[in-house]
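[1] Model the structure of this input:
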Amino acid sequence: MKRRNFISLTGLGATGLASGALTSFPTISFAASAAGEQYSSELSANVVIAGGGVGGCAAALSALRNGLDVIMTEETDWIGGQLTSQGVPPDEHAWIETHGAPKAYRDYRNAVREYYKNNYPITDVAKSRPRLNPGNATVSALCHEPRVSLAVLHQMLAPFISSGRLTLLIEHKISSAEYSGNKVKALRAQSLRSGRTVILVAPYFVDATETGELLPMTNTEFVMGTESRNETHELHAPLKADPDNQQAFTMCFAMDYVPGSNNVGDKPAEYDFWRNLVPKMTPAWPGKLLDLSYSNPKTLEKKPLGLNPDGSSTDPYLNLWNYRRILAKDNFTPGVFKGDISTVNWPQNDYTLGNLVGVSQKEFNHHVARGKQLSLSLFHWLQTEAPRPDGKLGWPGLRLRKDVMGTEDGLAKYPYIRESRRIKAEFTVLEEHVGQENRIQVAGPIAGKIAADFYDSVGIGYYHIDLHPSSRGNNYIDFSSLPFQIPLGSLLPIRMENLIPANKNIGTTHITNGCYRLHPVEWSIGEAVGLLVTYSLKKQVFPKQVREGKELLAEFQEFIVRQGVELKWR
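    Next up is the predicted model:
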């Protein structure tokens, strides 16, 4: 829809929702592009979502099912983020099958299982399992292939695309923003395939990017890296703040194993560097990075690991093959699959030699390229030098499954980024709210068994606080947290009125990001954001007013509960 037609409507789109002062738009005045073109086209909707990851998809779905028109951009050609383009099977809590996430997330999980049962040559035994785990993995009760998540998400969005309610711009990256005062007016998105640009106009904008890209573009206040203990009073915070101290990112990949074959290729260009690297960490890493051992996240002592791609036990050590296995051949008709398929998102391919957040595109590309070299080197090492239970070295029958990740190099389409820019929020979740030890310290032993209760809760989640080694050489920080709530205040920037985060960029700290960054929590955040935009437009109020008004907040919470959102733990 052209902006001039959009503005002429008395409501917003086909939904008839109005947003008061937000329904009129000033002239958009982006600077001309390098090619001398101001813009190629212009689109408008009730909400523009930048980033088609887990949070972006959840925000889009909740807005769409409530009658809004949505534009969603995605930098890669796969929506789904962690679940798809980053190649990370879902990390979830122990109660996920029955509660602890929105109904829409459980619908997604059920749809993944049904996809396998309806489309794969699955055994009768596996098909009879209500809680089918396609990979029979240990990290999750629903380890599965990225393409299946992609198919399920497209199924969920397909009716809205066909009806014109959702405009999905894949392979588009936001290049700039137009804003005035406390409001974002428009975004410019550029096609990474054609180079053409499109101006996106809406009363609301959602930053669901993996790095919080819209925050600096819109002059939205944010933090990144570590806060100091003086700032947050968190038990595990460092003495000094450091915006460049960020968690490792990972270039994931998938592999299978064909016994008796030899799939060893050329040695990666940086193989010798990564093969001999001993990470510089405090406390010290126990040896070389490419090794079947790592720092135990809780004790930081050396923890041996096992590997056997036939899936058999490597007791007393964890068999890494089974850890993130996304397809277990035993679940399917004998002979269909030559072997299991397992994904590699291990300590051994965590990249800590530079950051992807707050850096130039050139530096981003440089570290991604080196992260790919690390992962390719790990794979080559597994093929040629990894110790085997039978005393031999290497598994030459391992194959890099490029088709599983949908790429030419066999690595994920996009890095798994654990940490983003984070908004300076109306309310920031601190370790004392969700960390078990810190909670006991500030609230006493009894209160320390329950996370802080937030009056403005818009969802719940759980994961232990899990910080991977950092770019400044911090080893793992891993400790117990409590089942927590997502406060509405953590979704609201301190100043901007119509920009809302929906990824790892909400109002957490470096510490609490460690438990708010996993798949079901990101979905819960996105779900709440889509519903918040819907409610704000319907009531002709800004999101901050929803939180500040006792009656508005109560009505909003009733609205989202009816949509299948849980506000408290059982």
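[2] Neighbours of residue 570, how many?
    Residues within reach of residue 570, counting by other C-beta atoms under 10 Å, total 9. Placement of C-beta: from N, CA and C, glycine included.
[3] separation between the closest residue in space to it that isn't next to it in sequence and residue 306?
    The shortest distance from residue 570 to any non-neighbouring residue, by C-beta to C-beta, 6 or more residues apart in numbering, is to residue 99 (5.9 Å). From residue 99 across to residue 306, the span is 34 Å (C-beta to C-beta, to the nearest Å).
[4] try residue 457
    For residue 457 relative to residue 306 (C-beta to C-beta), the value is 42 Å.
[5] likewise residue 383?
    Per C-beta to C-beta, residue 383 is found 17 Å from residue 306.
[6] tell me the phi and psi of residue 206?
    phi -120, psi 130 (degrees, to the nearest 10).
[7] In terms of pLDDT, where does it sit?
    In this model, residue 206 is scored at 98, pLDDT.
[8] Residue 25 too?
    Note for residue 25: predicted pLDDT of 38.
[9] Between the two ends of stretch 410-429, how far is it?
    For stretch 410-429, the first-to-last residue distance is 38 Å (C-alpha to C-alpha, to the nearest Å).
[10] end to end, how far does stretch 207-217 reach?
    Note: stretch 207-217 ends 11 Å apart using C-alpha to C-alpha.
[11] residues of it that come out buried?
    Buried residues in stretch 207-217, defined by neighbour count with 16 or more other C-beta atoms under 10 Å: 207-215, 217.
[12] between the residues you listed, which is nearest residue 292?
    Closest approach to residue 292 among those (C-beta to C-beta): residue 210, at 30.0 Å.
[13] Can you classify that closest one by secondary structure?
    coil (DSSP: H, G, I helix; E, B strand; the rest coil).
[14] List the buried residues for stretch 375-382?
    375-382.
[15] Dump the residues you listed to TSV, plus secondary structure.
    Below are those laid out as TSV (three-state DSSP):
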residue	secondary structure
375	helix
376	helix
377	helix
378	helix
379	helix
380	helix
381	helix
382	helix
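[16] Redo the residues you listed as a markdown table? Include distance to residue 395.
    Listed next are those as a markdown table, based on distance: C-beta to C-beta, whole Å:
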| residue | distance to residue 395 |
| --- | --- |
| 375 | 16 |
| 376 | 15 |
| 377 | 15 |
| 378 | 12 |
| 379 | 10 |
| 380 | 11 |
| 381 | 10 |
| 382 | 6 |
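[17] of residue 99 and residue 306, who's got more company?
    Neighbour count, other C-beta under 10 Å: between residue 99 and residue 306, residue 306 has more, with 19 against 13.
[18] What residues are bridge-paired with that one?
    residue 319 (DSSP bridges).
[19] My guess is it contacts residue 314. True?
    Yes: using C-beta atoms under 8 Å, residue 306 is in contact with residue 314, at 2.6 Å.
[20] what residues do the two have in common as contacts?
    With contacts defined as C-beta atoms under 8 Å, 6 or more residues apart in numbering, the residues shared by residue 306 and residue 314 are residue 389.
[21] now stretch 72-81: how far from the chain's centre is it?
    Remark: stretch 72-81 is offset 12 Å from the chain centroid, using C-alpha atoms, centre = their mean, to the nearest Å.
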